[in-house]
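J.: return a 3D structure for these sequence lines:
(2 chains)
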Amino acid sequence: MTVIRIPKPPRSAFNKNRPVSSLLKTQILHLREAEKKFPPNYHSNIYINAIKTEGDAAEYIRRVTTTLHQLHREGAGAETRVGPIAAAAEPAPKSEPKQKSKPKSRSKTIAKTTAKTKKKRS
Amino acid sequence: MPAGLDNLKHIVVLMMENRSFDHMLGALKAQNPRIDGLTGNESNPDTTGATVKVQPQAQFQGQLDPDPDHHFPAVDLQIFGGDNSNPRVANMQGFVKSYFNQLRDSKHSQKIMYYFKPEKLPVLSTLAHEFAVFNRWFSSIPGPTICNRAFAHYGTSFGQVSMDIFVIKPPFKSIYERMINANPAHTAKIYYYDQASSTMEIVNLLQHQPQLFGTYEQFIADCEKGSLPQYSFVEPNYNDHDGDSGAIIASDQHPDHHVQEGERFIATVYNAIRDNPALWRTTALLVVYDEHGGIYDHVPPPACPPDGFVASPNDTGTGREFRFDRLGVRVPAILISPWVPKGTVIDGRTFEHASIPATVTKFFLGDYDQRSPREKKADTFLDLLTLDTMRTDAPEFEEQ
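T.: This is a model prediction of the structure:
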């Protein structure tokens, strides 16, 4: 069995103040199109032209995506044209993110799956 | 039927962002000459006509800033080297010229020719050596993300060659809707990373069918519980943001995001499947990139059957219409399964993102007529699960 060690990126890899890429700008514009169809009281009230950084973009993306799921659950607004698709579960509602400074990435997941694998094999 | 296909119950596709085949896997040719990578002599002219050779100097971050242009006109320049005659031949000689156009810095423009040494990408290099690497998997359009990802979901981009919103045109349906409509017992899902990263398929799928989506956390849980859908499409994290338990680094590998975090993400998806023995035995995982991100590759994209749509000269921005009759630049693609022989190199066959819905449809639905011309002609890849006995030597990834 070959075991491959995966290095972690440095802390400096995390930069939520990085300017938004054209990809993220596009994603924001597409979400804005969806948001336009929300009932007024569900709007994020975020002015998308003021979004300059990845951190800001993430906040807007999170809010609109969360609202979209919420509206779908409530069966209201947003042209919730529900197809005959019964496969997927709704994402569980998430709590507000806590402010922490340490870049973390997915190390826990790798560690967890690895530990589990080792346990099974030991 | 080979035992691998007999056992197959799940197909998982992980689509990363914006890296070319040669940039990520080109150096593997030195280790396995059957892989169509780099000899080290490939080159592009710079704007003075001087030769710029490929170099193994790619770094994880901070090198491809600004983000190399990969919209339709820029990719046209990259592929044809600025030749506007008719007919013209793809020569892959315009990458340095294209990147120069952004900063007008000759030295900086040479970085578009940089590629990774295999030891810098232990996950991708290992998977390529251990399973099946495609020598000819091309992005579907010589253009950017949204239209290319559309081919993975619908088998067409409905005439779109840009990042603009596109509208689904009947009779073509997404692979997810096809499956569920055909049989309510079928299961299909798109897993985005989390709500702050969301999906790139917003206007058509997320907006109208949010129930199709789950998060990466749910993907991991579904793998553990053995409740993965028949077809899963996984999206990486597209931005740096704060999460519930700390800062979360983008894992999509889109320049200028850190490539190592993407490596770790690929490893976690692989581990999640591999760590459940029943799932590992019954799953085929495809790791593929949406497009090349403006980064050099030496293989000219081939012509392909037209898609029935036409992008106007205004839409393409090149002064020429586009009939979807040429593929985009080559991207890394690796098929992972314990039923794939170690060291498989798929040569002599051409794949593109329409191969994804084509494969899923063929396996789960069989004959299905209402598909785009491109998808109907696209090659499928499950015949690569050729082993009669399941491998037990799959590598394991551990955090350092």
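
J.: the longest helix in chain A is where?
T.: helix A:54-74 (DSSP state H).

J.: return the helix or strand in chain B with minimum mean pLDDT.
T.: Every helix and strand of chain B was ranked by mean pLDDT, DSSP states H and E. The lowest is helix B:3-7, at a mean of 90.

J.: quick one on the thing from earlier: does chain B sit close to the longest helix of chain A?
T.: Yes - under the criterion of C-beta under 8 Å from any C-beta of the partner chain, helix A:54-74 makes contact with chain B via A:54-55, A:57-59, A:61-62, A:64-66, A:68-69, A:72. Where C-beta positions appear, they are placed from N, C-alpha and C, glycine not excepted.

J.: if we can go back for a sec, any idea which helix or strand comes after the least confident helix or strand of chain B?
T.: Proceeding N to C from helix B:3-7, the next assigned helix or strand is strand B:10-16, under DSSP states H and E.

J.: quick one, helices of chain A?
T.: Using DSSP H, the helices found in chain A span residues A:22-35, A:54-74, A:107-121.

J.: any idea how far the least confident helix or strand of chain B is from the middle of the chain?
T.: In this view, helix B:3-7 has its centroid 25 Å away from the chain centroid, taken as C-alpha atoms, centre = their mean, to the nearest Å.

J.: hang on, the earlier thing: pull out the buried residues from the longest helix of chain A.
T.: The neighbour-count criterion (16 or more other C-beta atoms under 10 Å in any protein chain shown) identifies A:54-72 as the buried residues of helix A:54-74.

J.: low-confidence stretches in the chain?
T.: Using chain A. Under the criterion pLDDT under 70, the flagged ranges of chain A are A:76-122.

J.: how about the residues of the stretch 301-400 of chain B that lie near chain A?
T.: Proximity of the stretch 301-400 of chain B to chain A, by C-beta under 8 Å from any C-beta, involves residues B:393, B:395-400.

J.: swap in 6 Å and give it another go.
T.: Contact residues (C-beta under 6 Å from any C-beta of the partner chain) of the stretch 301-400 of chain B with chain A: B:395-400.

J.: mark which of those residues are buried, thanks.
T.: Neighbour-count burial (16+ other C-beta under 10 Å) applied to those gives B:395-399.

J.: can you redo these as TSV with secondary structure and distance to B:P122?
T.: Output for these, formatted as TSV (DSSP: H, G, I helix; E, B strand; the rest coil; distance: C-beta to C-beta, whole Å):
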residue	secondary structure	distance to B:P122
B:P395	coil	10
B:E396	strand	12
B:F397	strand	8
B:E398	strand	11
B:E399	strand	12
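
J.: quick check: the farthest pair among these?
T.: Checked with C-beta to C-beta, those reach their widest spread between B:P395 and B:E399, with 14.3 Å between them.

J.: generate CSV for the helices of chain A, with distance to B:T386 as supplementary columns.
T.: Converted to CSV, these look like this (distance: least, C-beta to C-beta, whole Å):
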stretch, distance to B:T386
helix A:22-35, 37
helix A:54-74, 41
helix A:107-121, 26
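
J.: do you know which of those helices lies nearest B:E291?
T.: Set against B:E291 and scored by C-beta to C-beta, the helices of chain A come closest in helix A:22-35, at 10.8 Å.

J.: how about the closest one: buried residues?
T.: Taking 16+ other C-beta under 10 Å as the basis for neighbour counts, the residues of helix A:22-35 that come out buried are A:22-24, A:26-28, A:30-31, A:34-35.

J.: ok, now stretch B:198-211?
T.: Along stretch B:198-211, the positions that meet the burial threshold by neighbour count (16+ other C-beta under 10 Å) are B:198-211.

J.: pretty sure B:I202 sits against A:R32.
T.: No - in this structure B:I202 lies outside contact range of A:R32 using C-beta atoms under 6 Å: 9.6 Å.

J.: residue closest to the middle of chain B?
T.: In chain B, the C-alpha nearest the mean C-alpha coordinate belongs to B:Y289, at 2.1 Å (C-alpha atoms, centre = their mean).

J.: if I pick that residue, what's in contact with it?
T.: The neighbourhood of B:Y289, defined by C-beta atoms under 6 Å, 6 or more residues apart in numbering or on different chains, consists of B:16, B:19, B:331-332.

J.: go on, B:V96?
T.: B:V96 makes contacts with B:44, B:46, B:52, B:109, B:112, as judged by C-beta under 6 Å, 6+ apart.

J.: and what of B:H71?
T.: B:P144.

J.: pLDDT score for it?
T.: According to the predicted model, the pLDDT of B:H71 comes to 98.

J.: what's the longest helix of chain A in contact with?
T.: A:16, A:18, A:20, A:24, A:28, A:31, A:35, A:42, A:44, A:46, A:51, A:77-78, A:80, A:90, B:195-196, B:198, B:210, B:239-241.

J.: among the residues you listed, which lie within strands?
T.: Where these overlap with strands, as defined by DSSP state E, the overlap consists of B:H241.

J.: residues near the closest residue to B:M390 other than its chain neighbours, how many?
T.: In this structure, B:M390 finds its nearest non-sequential neighbour in B:P338, 4.6 Å apart by C-beta to C-beta, 6 or more residues apart in numbering or on different chains. Close neighbours of B:P338, defined as other C-beta atoms under 10 Å in any protein chain shown, add up to 22.

J.: now swap in B:H10 and tell me
T.: A count of nearby residues for B:H10, using other C-beta under 10 Å, gives 20.

J.: what does the one 5 residues further on give?
T.: Per other C-beta under 10 Å, the neighbour tally for B:M15 reads 24.

J.: show me what it bridges to in the sheet.
T.: Going by DSSP bridges, B:M15 is paired in beta bridges with B:V288.

J.: just confirm it contacts B:V287, I think it does.
T.: No - distance between B:M15 and B:V287: 8.3 Å, which falls outside the contact criterion (C-beta under 6 Å).

J.: who's in contact with residue 29?
T.: I went with chain A, as the question did not name one. So, once contact is read as C-beta under 6 Å, 6+ apart, A:L29 ends up touching nothing.

J.: let's do chain B instead
T.: Residues touching B:K29, when contacts are defined by C-beta under 6 Å, 6+ apart, comprise B:35, B:37-38.

J.: go again with 8 Å.
T.: Shown here is B:K29, whose contacts under the criterion C-beta atoms under 8 Å, 6 or more residues apart in numbering or on different chains are B:35-39.

J.: do you know how far it is from B:E42?
T.: Distance, B:K29 to B:E42, using C-beta to C-beta, to the nearest Å: 11 Å.

J.: the helix or strand encompassing B:A128 close to chain A?
T.: With elements taken from DSSP H and E, the one containing B:A128 is helix B:122-130. Yes - for helix B:122-130, a contact with chain A is found by C-beta under 8 Å from any C-beta, at B:122-123, B:126, B:130.

J.: tell me, how many residues neighbour B:Q31?
T.: Close neighbours of B:Q31, defined as other C-beta under 10 Å, add up to 12.

J.: isn't B:L103 up against B:P68?
T.: No - with contact taken as C-beta atoms under 8 Å, B:L103 and B:P68 are classed as non-touching, separated by 10.5 Å.

J.: and those two? Which one has more around it.
T.: When B:L103 and B:P68 are compared for neighbours, B:P68 comes out ahead with 23 against 12, by other C-beta under 10 Å.

J.: show me what contacts residue 16?
T.: You didn't say which chain, so I picked chain A. For A:K16, the contacting residues are A:53-55, A:58, B:239-242, B:247, taking C-beta under 8 Å, 6+ apart as the criterion.

J.: switch to chain B, that's the one I care about
T.: Listed by C-beta under 8 Å, 6+ apart, the contact set of B:M16 reads B:236, B:252-253, B:262, B:266, B:287-290, B:332.

J.: and which of these is nearest to chain A?
T.: Comparing the contacts of B:M16 against chain A with C-beta to the nearest C-beta places B:D252 closest, at 8.5 Å.
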